[in-house]
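just to be clear, the model below is a prediction. Sequence and coordinates:
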Amino acid sequence: MSCNRKAGILCPVFSLSSKYGIGSFGESAYEFVRFLKKSKQTYWQILPLVPISSDGNSPYLSPSTFAGNFMYIDIDKLIDDGLLSESDVRGYKFEDDFVDYDYVARVKDEILRKAYERNKELKIIDTENFSERELVRGFCLFEALKKHFNGKSWLEFPDDIKYRKKESVDYYEKLLCDEIEYNAFVQALFYKQYFELKNYANDLGIKIFGDLPIYVSKESSDMWQNPEMFVVNEDLSPKLVAGVPPDRFSETGQYWGNPVYDWDYCEKTGFDWWLKRLKHNLKMYDVLRLDHFRGFEAFWAIVASESTAENGHWEKAKGAKLFEILKKENLIDRIVAEDLGLITDDVIDLRDRFGFKGMKVMQFAFDVNEESDYLPHNVGETTVYYTGTHDNQTLMGFVNSRSSDELEYIKNYVNSDYVEDAMIKVAYMTSASLCMCQMQDFLDLGDDYRTNTPNTLGNWTWRMKKEWLTDELAERISAITKLYNRD
């Protein structure tokens, strides 16, 4: 990333308007790119585009780190390409106000299977030679196996395929050939539509700011294909899992349950899987946020049989050696470190050693009892400054939930009674090289439109209305952007 003053908007793809129940890579995404251009923005930050599990629908708990979420494939584009007809999509009724993931997943799968059957005849999509096929090949088999075994955990597969015996893999690849090819077809569509959108955005000067979760799900093709990369028992179940220790917000800490990496093994392989993963994501995105950056220095490891994070312990990671390889390949400068939470001097040293930009969040700043590093006047140039991330309240929700003392402090700081607008302007004033605001904050939306409340269910569902993206709003954002020299 350059050191020029820039600005961007955080808006998940699923939140875009669409007549098919969830945002997609269709016309609404192109309209949003044009809105960003009118608003003098440079970055569109999105959440991970990976598949989601039905257990909470979180893009941070995925069955694959290389595959794409089929729900983002745009149906109208398939009609335009001749893979579907209008009659193929009649009779379905989608929710407009929020994402109903179970319904969208079921219906889009039905529709995509119709397109797959038509493609067998027309060969519009080359499922054999799309560039990401090798990266998602294991996922395509994994998903076919999950369907074949009625959704069972891969840890409950028959031993021959659970342990990936070659003769068993060959057998199931033949047995499930058609389902595997359907999955490959879906992935080819996903990547085709995504890169068309990305190229369009880049041509208009809009950069895509992506997000890479540090951990993968236990129920992932990544773990099934590479169990030796993780700390596992003889039966391949996780021996240690990830989380964070107890703090003032949680007496028992956070038990995430993701398998932790065997960093010694990763190093022995020359970090091969990690490099493939990072290079894949740096191909997809112009800038990449490394989620839970502190886990590349040291991580909180919990015995998997524990029910809370209280009895965990710190173990060292080998992020520095991984980043040395990235540095030699000139891949460092497009990475942002998510350095929030429990950050030690060692984590700061790792970030600064490789010149990663860090993050600060305005909503963490206004503690009436102490001076905060997150206050706007303490923010330096090497920071990406957020009014709030996807894990925070909307600005309206944040302001409405403050105590009277806190609210008075904020009003005095921003020198205005119109607190939400003033907070955005003050964020834009800072020395930070990049200022990011949630789309909800420009739309004056409350916490009913919050993206995620950590440690709760029912998240990742808020939707925009097409009519909200007005020229007047673009002009208002553009004026702020120009005023503080971020265009």
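Done, it's in. Numbers count the residues shown, from 1 in each chain.

contacts only, for the residue of the chain most remote from its centre.
Computed with C-alpha atoms, centre = their mean, the residue of the chain farthest from its C-alpha average is residue 167, at 35.9 Å. Applying C-beta atoms under 8 Å, 6 or more residues apart in numbering to residue 167 gives the contacts residue 160. Quick note: C-beta positions are derived from backbone N, CA and C, even for glycine.

try it again with 7 Å
If a contact means C-beta atoms under 7 Å, 6 or more residues apart in numbering, then residue 167 has no contacts.

which phi and psi does it have?
Dihedral angles of residue 167 (phi, psi; degrees, to the nearest 10) stand at phi -60, psi -30.

measure it to residue 147 for me?
21 Å (C-beta to C-beta, to the nearest Å).

between the two ends of stretch 240-260, how far is it?
Terminal residues of stretch 240-260 are spaced 6 Å apart (C-alpha to C-alpha, to the nearest Å).

so for that stretch, mean pLDDT?
For stretch 240-260, the mean pLDDT works out to 92.

again, but for stretch 434-452
The model assigns stretch 434-452 a mean pLDDT of 98.

cool, stretch 214-234 as well?
Averaging pLDDT along stretch 214-234 gives 98.

could you do stretch 58-66 as well?
Regarding stretch 58-66, the rounded mean pLDDT is 96.

from the chain's centroid, how far away is that stretch?
8 Å (C-alpha atoms, centre = their mean, to the nearest Å).

and that stretch, C-alpha only, in PDB?
Presented in PDB, the C-alpha positions along stretch 58-66 are these (Å, rounded to 0.1, in the frame of the first residue of the first chain):
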ATOM      1  CA  SER A  58     -19.700 -17.200   9.500                       C
ATOM      2  CA  PRO A  59     -17.200 -16.500   6.700                       C
ATOM      3  CA  TYR A  60     -14.500 -17.000   9.300                       C
ATOM      4  CA  LEU A  61     -15.400 -20.700   9.800                       C
ATOM      5  CA  SER A  62     -15.100 -22.200   6.300                       C
ATOM      6  CA  PRO A  63     -14.900 -25.700   4.800                       C
ATOM      7  CA  SER A  64     -12.200 -24.400   2.500                       C
ATOM      8  CA  THR A  65      -9.600 -21.700   2.400                       C
ATOM      9  CA  PHE A  66      -9.200 -21.900  -1.400                       C
END
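
neighbouring contacts of that stretch?
With contact meaning C-beta under 7 Å, 6+ apart, stretch 58-66 is reached by 47-48, 50-53, 135-136, 139, 213, 216-217, 219-222, 277, 280, 460.

now a PyMOL select for only the buried ones of these.
PyMOL command restricting those to the buried ones, with burial defined by 16 or more other C-beta atoms under 10 Å:
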select buried, resi 47+48+50+51+52+135+136+139+213+216+217+219+220+221+222+277+280+460
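
show me the contacts of stretch 58-66 that map onto helices.
Among the contacts of stretch 58-66, the members found in helices (DSSP state H) are 135, 136, 139, 221, 222, 277, 280.

how about CSV for those residues, with distance to residue 316 added?
As requested, those are exported to CSV (distance: C-beta to C-beta, whole Å):
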residue, distance to residue 316
135, 29
136, 32
139, 30
221, 28
222, 22
277, 20
280, 26
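
please identify which pair of these lies farthest apart.
221 and 280 (14.1 Å; C-beta to C-beta).

I'd guess residue 302 is in a strand, am I close?
Yes. Counting by DSSP: H, G, I helix; E, B strand; the rest coil, residue 302 is part of a strand.

residue contacts, it?
Listed by C-beta under 7 Å, 6+ apart, the contact set of residue 302 reads 240, 241, 243, 255, 309, 312.

can you dump the C-alpha atoms of stretch 125-139 in CSV for me?
The C-alpha coordinates for stretch 125-139 follow below in CSV (Å, rounded to 0.1, in the frame of the first residue of the first chain):
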residue,chain,number,x,y,z
ILE,A,125,-17.7,-22.9,-19.0
ASP,A,126,-14.4,-24.8,-19.2
THR,A,127,-14.4,-26.7,-15.9
GLU,A,128,-11.3,-28.6,-16.8
ASN,A,129,-8.9,-25.7,-17.3
PHE,A,130,-9.9,-22.7,-15.1
SER,A,131,-6.8,-21.5,-13.3
GLU,A,132,-7.9,-22.3,-9.7
ARG,A,133,-9.0,-25.9,-10.4
GLU,A,134,-5.9,-27.5,-8.8
LEU,A,135,-6.3,-25.4,-5.7
VAL,A,136,-10.0,-26.4,-5.2
ARG,A,137,-9.7,-30.0,-6.5
GLY,A,138,-9.6,-31.4,-3.0
PHE,A,139,-12.5,-29.3,-1.9
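
averaged pLDDT, it. What do you get?
Mean pLDDT, computed over stretch 125-139, is 92.

could you do stretch 28-35 as well?
When pLDDT is averaged along stretch 28-35, the result is 99.

can you pull the buried residues of that stretch?
Going by neighbour count (16+ other C-beta under 10 Å), the buried part of stretch 28-35 is 28, 29, 30, 32, 33, 34, 35.

go on, stretch 423-435?
Buried, per 16+ other C-beta under 10 Å, within stretch 423-435: 423, 424, 426, 427, 428, 429, 430, 432, 433, 434, 435.
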